[in-house]
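>>> Sequence plus the predicted model coming up.
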Amino acid sequence: MKFNPAELETKAVYKLLSGSVVPRPIAWVSTINENGEHNLSPFSFFTVASRQPPMLCISIGPGVGEREGTIKDTLTNIRTQKEFVINIVPSDLGNEMQKSSENVPSHVDEFQYANLTPKDSDFIKPKRVQEAPIQMECRLNQIIELGSDYLIIGEMVLYHIKEDYYLDNYKVNLEKLRPLGRLAGNYSECTNFFTLPK
(Lines give C-alpha, C1' and ligand atoms only; values in the text may rest on other atoms or scores of the structure.)
Protein backbone atom coordinates (compact mmCIF):
# COMPACT_ATOMS: atom_id res chain seq x y z
CA MET A 1 0.00 0.00 0.00
CA LYS A 2 1.06 3.58 -0.66
CA PHE A 3 -0.24 6.86 0.71
CA ASN A 4 0.39 10.27 -0.81
CA PRO A 5 0.12 12.88 1.97
CA ALA A 6 -0.95 15.47 -0.59
CA GLU A 7 -4.11 13.42 -1.15
CA LEU A 8 -4.97 12.80 2.52
CA GLU A 9 -6.53 14.83 5.30
CA THR A 10 -4.14 16.05 8.00
CA LYS A 11 -5.62 13.70 10.59
CA ALA A 12 -5.00 10.66 8.39
CA VAL A 13 -1.34 11.59 7.85
CA TYR A 14 -0.97 12.22 11.58
CA LYS A 15 -2.29 8.73 12.34
CA LEU A 16 0.23 7.16 9.97
CA LEU A 17 3.11 9.16 11.44
CA SER A 18 2.20 8.71 15.10
CA GLY A 19 1.72 4.98 14.57
CA SER A 20 5.08 4.59 12.84
CA VAL A 21 7.45 6.90 14.73
CA VAL A 22 7.26 4.95 17.99
CA PRO A 23 7.80 4.86 20.85
CA ARG A 24 8.22 8.61 21.28
CA PRO A 25 9.63 10.08 24.49
CA ILE A 26 7.38 12.51 26.34
CA ALA A 27 8.41 16.02 27.29
CA TRP A 28 6.34 17.07 30.28
CA VAL A 29 6.68 20.81 29.83
CA SER A 30 6.14 23.27 32.65
CA THR A 31 5.85 26.98 31.89
CA ILE A 32 4.64 30.17 33.51
CA ASN A 33 2.61 33.00 32.03
CA GLU A 34 3.02 36.75 32.40
CA ASN A 35 0.74 36.72 35.46
CA GLY A 36 2.84 34.07 37.22
CA GLU A 37 0.29 31.27 36.67
CA HIS A 38 1.70 27.77 36.19
CA ASN A 39 1.07 25.51 33.21
CA LEU A 40 2.01 21.86 32.71
CA SER A 41 1.40 19.80 29.58
CA PRO A 42 2.93 16.73 27.86
CA PHE A 43 4.24 16.65 24.27
CA SER A 44 5.47 13.56 22.44
CA PHE A 45 7.05 15.26 19.41
CA PHE A 46 10.26 15.65 21.41
CA THR A 47 13.96 14.90 21.05
CA VAL A 48 17.54 16.14 21.49
CA ALA A 49 18.49 18.83 18.95
CA SER A 50 22.14 19.54 19.81
CA ARG A 51 24.89 18.17 22.03
CA GLN A 52 26.96 21.34 22.34
CA PRO A 53 25.44 23.53 23.47
CA PRO A 54 22.87 21.04 24.81
CA MET A 55 19.54 21.75 23.13
CA LEU A 56 16.19 20.01 23.17
CA CYS A 57 13.26 20.47 20.84
CA ILE A 58 9.53 19.96 21.07
CA SER A 59 6.91 20.43 18.37
CA ILE A 60 3.63 22.04 19.39
CA GLY A 61 0.58 21.90 17.15
CA PRO A 62 -2.74 23.71 17.36
CA GLY A 63 -5.37 22.82 19.92
CA VAL A 64 -7.66 19.88 19.18
CA GLY A 65 -11.15 18.80 20.17
CA GLU A 66 -13.07 21.54 21.93
CA ARG A 67 -10.02 23.80 21.62
CA GLU A 68 -9.58 23.18 17.88
CA GLY A 69 -7.61 25.90 16.15
CA THR A 70 -6.51 27.62 19.36
CA ILE A 71 -2.91 28.28 20.36
CA LYS A 72 -1.75 26.11 23.24
CA ASP A 73 -0.86 27.85 26.50
CA THR A 74 2.57 26.22 26.50
CA LEU A 75 3.46 27.88 23.19
CA THR A 76 2.13 31.26 24.32
CA ASN A 77 4.06 31.08 27.59
CA ILE A 78 7.33 30.07 25.93
CA ARG A 79 6.94 32.86 23.37
CA THR A 80 6.44 35.52 26.05
CA GLN A 81 8.59 34.23 28.91
CA LYS A 82 11.29 32.42 26.86
CA GLU A 83 11.80 29.75 29.54
CA PHE A 84 10.48 26.26 30.23
CA VAL A 85 11.24 23.03 32.05
CA ILE A 86 11.19 19.60 30.44
CA ASN A 87 10.32 16.97 33.04
CA ILE A 88 10.80 13.29 32.15
CA VAL A 89 7.83 11.00 32.76
CA PRO A 90 8.40 7.61 34.44
CA SER A 91 5.62 5.08 34.05
CA ASP A 92 4.45 5.48 37.64
CA LEU A 93 3.51 9.11 36.91
CA GLY A 94 1.53 8.19 33.81
CA ASN A 95 -1.90 8.94 35.29
CA GLU A 96 -0.78 12.35 36.55
CA MET A 97 0.75 13.13 33.17
CA GLN A 98 -2.48 12.12 31.43
CA LYS A 99 -4.49 14.30 33.82
CA SER A 100 -2.31 17.31 33.00
CA SER A 101 -3.02 16.81 29.28
CA GLU A 102 -6.76 17.42 29.65
CA ASN A 103 -8.31 20.54 28.12
CA VAL A 104 -8.86 22.96 30.99
CA PRO A 105 -9.21 26.78 31.04
CA SER A 106 -5.97 28.74 30.82
CA HIS A 107 -6.17 29.95 34.43
CA VAL A 108 -6.24 26.38 35.81
CA ASP A 109 -2.96 25.31 37.44
CA GLU A 110 -2.25 21.81 36.11
CA PHE A 111 0.10 21.13 39.03
CA GLN A 112 -2.86 21.38 41.39
CA TYR A 113 -5.25 19.76 38.91
CA ALA A 114 -3.04 16.66 38.63
CA ASN A 115 -2.05 16.70 42.33
CA LEU A 116 1.63 17.42 41.64
CA THR A 117 4.15 19.52 43.55
CA PRO A 118 5.73 22.59 41.91
CA LYS A 119 9.39 22.99 42.84
CA ASP A 120 11.49 26.12 42.29
CA SER A 121 13.99 26.03 39.46
CA ASP A 122 17.49 27.37 40.02
CA PHE A 123 18.01 29.50 36.90
CA ILE A 124 14.53 30.15 35.48
CA LYS A 125 11.02 31.08 36.68
CA PRO A 126 8.92 28.07 35.58
CA LYS A 127 8.57 25.41 38.27
CA ARG A 128 9.78 21.83 38.03
CA VAL A 129 7.64 18.78 38.76
CA GLN A 130 9.06 17.64 42.10
CA GLU A 131 7.83 14.07 41.58
CA ALA A 132 9.62 13.71 38.22
CA PRO A 133 13.03 12.03 38.59
CA ILE A 134 14.63 14.16 35.85
CA GLN A 135 14.02 17.86 35.15
CA MET A 136 15.81 20.05 32.63
CA GLU A 137 15.69 23.83 32.87
CA CYS A 138 15.66 25.41 29.40
CA ARG A 139 15.89 28.87 27.89
CA LEU A 140 14.36 29.50 24.48
CA ASN A 141 16.78 29.51 21.57
CA GLN A 142 14.31 29.85 18.73
CA ILE A 143 10.84 28.99 17.49
CA ILE A 144 10.50 27.78 13.92
CA GLU A 145 7.09 27.73 12.25
CA LEU A 146 6.72 24.49 10.30
CA GLY A 147 3.41 24.16 8.50
CA SER A 148 0.67 23.94 11.13
CA ASP A 149 3.13 23.37 13.99
CA TYR A 150 5.88 25.20 15.85
CA LEU A 151 9.29 23.68 16.55
CA ILE A 152 10.58 25.03 19.85
CA ILE A 153 14.32 24.74 20.46
CA GLY A 154 15.56 25.38 23.96
CA GLU A 155 19.04 25.35 25.46
CA MET A 156 19.31 23.24 28.59
CA VAL A 157 20.91 25.41 31.27
CA LEU A 158 20.59 23.06 34.24
CA TYR A 159 19.96 19.33 34.60
CA HIS A 160 18.39 17.81 37.73
CA ILE A 161 18.27 14.10 38.53
CA LYS A 162 17.24 12.36 41.72
CA GLU A 163 20.19 10.57 43.26
CA ASP A 164 18.67 7.09 43.14
CA TYR A 165 18.15 7.41 39.37
CA TYR A 166 21.80 8.32 38.75
CA LEU A 167 24.54 5.86 37.93
CA ASP A 168 28.22 6.70 37.94
CA ASN A 169 29.87 8.40 34.97
CA TYR A 170 26.84 10.57 34.07
CA LYS A 171 24.55 7.65 33.23
CA VAL A 172 20.85 7.36 34.01
CA ASN A 173 19.44 4.22 35.61
CA LEU A 174 16.91 3.45 32.87
CA GLU A 175 15.71 0.26 34.55
CA LYS A 176 14.62 2.32 37.54
CA LEU A 177 13.34 5.21 35.43
CA ARG A 178 11.06 3.01 33.28
CA PRO A 179 10.28 5.95 30.98
CA LEU A 180 6.88 6.25 29.41
CA GLY A 181 6.71 6.28 25.60
CA ARG A 182 3.90 7.45 23.36
CA LEU A 183 2.43 5.22 20.66
CA ALA A 184 -0.40 6.09 18.26
CA GLY A 185 -3.18 6.27 20.85
CA ASN A 186 -1.57 4.33 23.66
CA TYR A 187 1.59 4.24 25.74
CA SER A 188 4.55 1.93 26.20
CA GLU A 189 6.76 1.32 29.21
CA CYS A 190 10.47 0.92 28.55
CA THR A 191 11.49 -2.03 30.72
CA ASN A 192 13.08 -4.71 28.52
CA PHE A 193 16.61 -3.52 27.74
CA PHE A 194 19.14 -5.47 25.69
CA THR A 195 22.18 -5.05 23.49
CA LEU A 196 22.68 -6.20 19.91
CA PRO A 197 23.42 -8.68 18.58
CA LYS A 198 21.02 -10.52 20.86
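Ah, there it is. These numbers come from a predicted model, not from an experiment.
>>> and residue 172, how many residues sit next to it?
15 (other CB atoms under 10 Å). Every residue, glycine included, has its C-beta placed from N, CA and C.
>>> Bridge partners for it, pull those for me.
residue 166 (DSSP bridges).
>>> what's the one residue sitting closest to the centre of the chain in contact with, if anything?
Most central in the chain under CA atoms, centre = their mean is residue 27, positioned 1.7 Å from the mean C-alpha point. By CB atoms under 8 Å, 6 or more residues apart in numbering, the contact list for residue 27 reads 42-44, 46, 56, 58, 86-87.
>>> Please tell me how far it sits from residue 132.
As for residue 27, its distance to residue 132 is 11 Å (criterion: CB to CB, to the nearest Å).
>>> just residue 196 next, same as before
From residue 196 to residue 132 the distance is 30 Å (CB to CB).
>>> just for the chain, where's the confidence low?
64-69 (pLDDT under 70).
>>> make it 80
Counting by pLDDT under 80, the chain contains low-confidence residues at 63-69, 198.
>>> ok, back up a step: name the residues contacting each of residue 27 and residue 132.
In contact with both residue 27 and residue 132: residue 87, using CB under 8 Å, 6+ apart.
>>> got the contact list for the closest residue to residue 106 other than its chain neighbours?
Among residues not flanking residue 106 along the chain, residue 73 sits closest, at 5.3 Å (CB to CB, 6 or more residues apart in numbering). Listed by CB under 8 Å, 6+ apart, the contact partners of residue 73 are 31, 33, 39, 41, 106.
>>> So which of those is the closest to residue 20?
Distances from residue 20 to those, taken as CB to CB, are shortest for residue 41 (23.7 Å).
>>> Can you tell me which helices and strands whichever strand or helix holds the closest one packs against?
Element membership for residue 41 (DSSP states H and E) is strand 38-43. For strand 38-43, the contact count by 3 or more CB pairs under 8 Å, 6 or more residues apart in numbering; DSSP states H and E identifies strand 27-32, strand 55-60, helix 73-81, helix 94-100, helix 110-113 as packing neighbours.
>>> For residue 151, which of these is the nearest?
strand 55-60 (5.2 Å).
>>> okay, the angle between the closest one and strand 38-43?
90 degrees (axes from the mean of the first three to the mean of the last three CA atoms, to 10 degrees).
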